[in-house]
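**Student:** Pasting the sequence and the predicted model now:
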Amino acid sequence: EGPPRGERRRRLLQYVDEVQPQVMEQFVQRADPQVVDAMRQTITNMLGTLPPQFFEVTISTVGENLAQLMYSVMMTGYMFRNAQYRVDLKQSLSALPSGRGAGEAG
């Protein structure tokens, strides 16, 4: 079941408070470009899409809502990473020669 809801919120807020900008830089450098683009688009859709050259957007919220948003973003990130892993695995398996694998009995 995991920690109580209040504890999860506290942990997420603590994470938001302590996370360093380098974490995002590392994500962008290490993740597949498709995953980075998907995350960028998802977060943009979550926060709104007013063009920055015409609008200065300020977002304010309460801690509970921010924690819920962070949780959603983290789960979305895990989902995208899992999808990328499955695509990579499928491509790797399709590159194997056809026929019987080494582990099959003959």
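**Tutor:** Received it, and whenever you're ready, just let me know what you need. Residues are numbered from 1 along each chain as shown.

**Student:** Can you point out the buried residues in the longest helix anywhere in the chain?
**Tutor:** Longest helix of the chain, by residue count under DSSP state H: helix 63-94. For helix 63-94, burial by neighbour count (16 or more other Cβ atoms under 10 Å) applies to 66-67, 69-70, 77, 80. The C-beta positions use only the backbone N, C-alpha and C, and glycine is treated the same way.

**Student:** Tabulate those residues in TSV, adding columns for pLDDT and distance to Thr44.
**Tutor:** Supplementary listing: the buried residues of helix 63-94 in TSV, determined by pLDDT from 0 to 100; distance: Cβ to Cβ, whole Å:
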residue	pLDDT	distance to Thr44
Leu66	75	17
Ala67	76	20
Leu69	78	13
Met70	77	16
Gly77	81	14
Phe80	84	14
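
**Student:** Nearest to the spatial middle of the protein, which residue is it?
**Tutor:** In the chain, the C-alpha nearest the mean C-alpha coordinate belongs to Gly77, at 1.4 Å (Cα atoms, centre = their mean).

**Student:** Which residue comes closest to that one once chain neighbours are left out?
**Tutor:** Distances taken as Cβ to Cβ, 6 or more residues apart in numbering place Met39 nearest to Gly77, at 6.0 Å, with adjacent residues excluded.

**Student:** what's the spacing between the strand or helix carrying the one you found and its chain's center?
**Tutor:** Element membership of Met39, judged by DSSP states H and E, is helix 33-47. Between the centre of helix 33-47 and the centre of its chain there are 9 Å (Cα atoms, centre = their mean, to the nearest Å).

**Student:** Identify the residues contacting it?
**Tutor:** For helix 33-47, contacts defined as Cβ atoms under 8 Å, 6 or more residues apart in numbering pick out 27-28, 31, 57, 59, 69, 72-73, 76-77, 80-81, 84.

**Student:** Reformat those as CSV; add distance to Pro21.
**Tutor:** Shown next, in CSV, are those (distance: Cβ to Cβ, whole Å):
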residue, distance to Pro21
Phe27, 11
Val28, 11
Ala31, 16
Val57, 20
Ile59, 18
Leu69, 18
Ser72, 21
Val73, 16
Thr76, 20
Gly77, 17
Phe80, 21
Arg81, 20
Gln84, 23
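
**Student:** Having no further points to raise, I will conclude here.
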